[in-house]
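Novice: can't give you the sequence, but here's the structure:
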(Lines give C-alpha, C1' and ligand atoms only; values in the text may rest on other atoms or scores of the structure.)
Protein backbone atom coordinates (compact mmCIF):
# COMPACT_ATOMS: atom_id res chain seq x y z
CA UNK A 1 0.00 0.00 0.00
CA UNK A 2 1.42 3.37 -1.03
CA UNK A 3 0.48 6.84 0.15
CA UNK A 4 0.57 9.60 -2.45
CA UNK A 5 0.36 13.37 -2.12
CA UNK A 6 1.06 16.24 -4.48
CA UNK A 7 0.85 20.03 -4.75
CA UNK A 8 0.30 21.02 -1.14
CA UNK A 9 2.06 24.40 -1.71
CA UNK A 10 2.79 24.81 2.00
CA UNK A 11 3.65 28.26 3.32
CA UNK A 12 4.08 29.35 6.91
CA UNK A 13 3.19 32.97 6.22
CA UNK A 14 0.75 35.16 4.30
CA UNK A 15 2.12 37.20 1.40
CA UNK A 16 0.59 39.75 -0.95
CA UNK A 17 1.57 39.75 -4.61
CA UNK A 18 2.34 43.07 -6.35
CA UNK A 19 -1.14 43.08 -7.92
CA UNK A 20 -2.75 42.91 -4.46
CA UNK A 21 -3.72 39.22 -4.53
CA UNK A 22 -3.29 37.77 -1.03
CA UNK A 23 -1.87 34.28 -0.60
CA UNK A 24 -2.76 33.10 2.92
CA UNK A 25 -0.53 31.03 5.14
CA UNK A 26 -1.19 27.30 5.20
CA UNK A 27 -3.27 26.01 8.07
CA UNK A 28 -1.19 23.39 9.89
CA UNK A 29 -4.42 21.53 10.65
CA UNK A 30 -4.82 20.97 6.90
CA UNK A 31 -1.54 19.10 6.81
CA UNK A 32 -2.65 15.61 7.74
CA UNK A 33 0.07 13.07 8.32
CA UNK A 34 -0.17 9.73 6.62
CA UNK A 35 0.18 8.09 10.03
CA UNK A 36 -3.06 9.71 11.20
CA UNK A 37 -5.14 8.64 8.19
CA UNK A 38 -3.78 5.16 7.53
CA UNK A 39 -6.12 3.68 10.17
CA UNK A 40 -3.72 0.90 10.97
CA UNK A 41 -3.03 0.00 7.34
CA UNK A 42 0.67 -0.76 6.94
CA UNK A 43 2.08 1.63 4.34
CA UNK A 44 4.98 0.33 2.27
CA UNK A 45 6.06 3.82 1.25
CA UNK A 46 4.82 7.38 0.83
CA UNK A 47 5.61 9.59 -2.16
CA UNK A 48 5.12 13.32 -2.61
CA UNK A 49 5.02 14.27 -6.28
CA UNK A 50 6.25 17.82 -5.81
CA UNK A 51 5.23 21.42 -5.27
CA UNK A 52 5.72 20.89 -1.57
CA UNK A 53 6.11 24.63 -0.88
CA UNK A 54 4.41 27.72 -2.32
CA UNK A 55 7.70 29.12 -3.66
CA UNK A 56 6.42 32.11 -5.66
CA UNK A 57 8.56 35.06 -6.72
CA UNK A 58 7.42 37.07 -3.69
CA UNK A 59 8.41 34.34 -1.23
CA UNK A 60 11.88 34.97 0.22
CA UNK A 61 14.30 32.11 -0.33
CA UNK A 62 14.83 31.84 3.44
CA UNK A 63 11.07 31.27 3.97
CA UNK A 64 10.92 28.73 1.16
CA UNK A 65 13.82 26.76 2.65
CA UNK A 66 12.26 26.86 6.13
CA UNK A 67 8.87 25.73 4.80
CA UNK A 68 10.46 22.91 2.81
CA UNK A 69 12.26 21.61 5.91
CA UNK A 70 9.03 21.92 7.95
CA UNK A 71 7.09 19.78 5.48
CA UNK A 72 9.84 17.17 5.14
CA UNK A 73 10.00 16.89 8.94
CA UNK A 74 6.21 16.53 9.18
CA UNK A 75 6.28 13.75 6.59
CA UNK A 76 9.15 11.90 8.20
CA UNK A 77 8.26 12.38 11.86
CA UNK A 78 7.30 9.00 13.29
CA UNK A 79 7.15 7.47 9.80
CA UNK A 80 7.81 3.75 9.80
CA UNK A 81 8.02 3.60 6.01
CA UNK A 82 10.23 5.17 3.32
CA UNK A 83 9.26 8.71 2.28
CA UNK A 84 10.15 9.71 -1.29
CA UNK A 85 10.08 13.22 -2.72
CA UNK A 86 9.87 14.40 -6.32
CA UNK A 87 10.98 17.92 -7.14
CA UNK A 88 8.31 20.34 -8.38
CA UNK A 89 8.82 23.72 -10.02
CA UNK A 90 7.73 25.50 -6.82
CA UNK A 91 10.31 23.52 -4.84
CA UNK A 92 13.29 24.12 -7.09
CA UNK A 93 12.84 27.82 -7.73
CA UNK A 94 12.13 27.56 -11.47
CA UNK A 95 10.93 31.03 -12.43
CA UNK A 96 10.02 31.76 -8.84
CA UNK A 97 12.24 31.67 -5.77
CA UNK A 98 15.77 32.18 -7.03
CA UNK A 99 17.41 33.85 -9.95
CA UNK A 100 18.95 31.36 -12.30
CA UNK A 101 22.63 31.64 -13.18
CA UNK A 102 22.34 31.41 -16.95
CA UNK A 103 19.08 33.28 -17.65
CA UNK A 104 17.20 30.10 -18.64
CA UNK A 105 14.77 30.21 -15.72
CA UNK A 106 15.92 26.77 -14.62
CA UNK A 107 17.49 25.88 -11.28
CA UNK A 108 17.92 22.52 -9.65
CA UNK A 109 17.01 21.87 -6.03
CA UNK A 110 20.73 21.55 -5.33
CA UNK A 111 21.11 25.21 -6.33
CA UNK A 112 18.31 26.24 -3.96
CA UNK A 113 19.23 24.02 -1.02
CA UNK A 114 22.92 23.59 -0.39
CA UNK A 115 23.95 20.07 0.68
CA UNK A 116 24.47 21.22 4.27
CA UNK A 117 20.91 22.56 4.37
CA UNK A 118 19.07 19.55 2.95
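Specialist: Nice, I can see it. Note that the structure is a prediction, hence the values are computed from the model and not measured.
Novice: let me see the ranges of the helices in the chain.
Specialist: With DSSP state H as the criterion, the chain has helices at 34-37, 61-76, 109-112.
Novice: and those, which one averages the lowest pLDDT?
Specialist: Mean pLDDT values for those show the minimum at helix 109-112, a mean of 52.
Novice: can you map out the strands along the chain?
Specialist: 2-5, 15-16, 22-23, 45-48, 83-85 (DSSP state E).
Novice: residue ranges with poor pLDDT in the chain?
Specialist: For the chain, residues meeting the criterion pLDDT under 70 lie at 29-39, 93-118.
Novice: got the contact list for the residue nearest to residue 2 when sequence neighbours are not counted?
Specialist: Computed as Cβ to Cβ, 6 or more residues apart in numbering, the closest residue to residue 2 that is not its neighbour in sequence is residue 45, at 5.5 Å. C-beta here means a position set from N, CA and C on the backbone, and glycine is covered the same way. Each residue near residue 45 by Cβ atoms under 8 Å, 6 or more residues apart in numbering is listed here: 2, 3, 81, 82, 83, 84.
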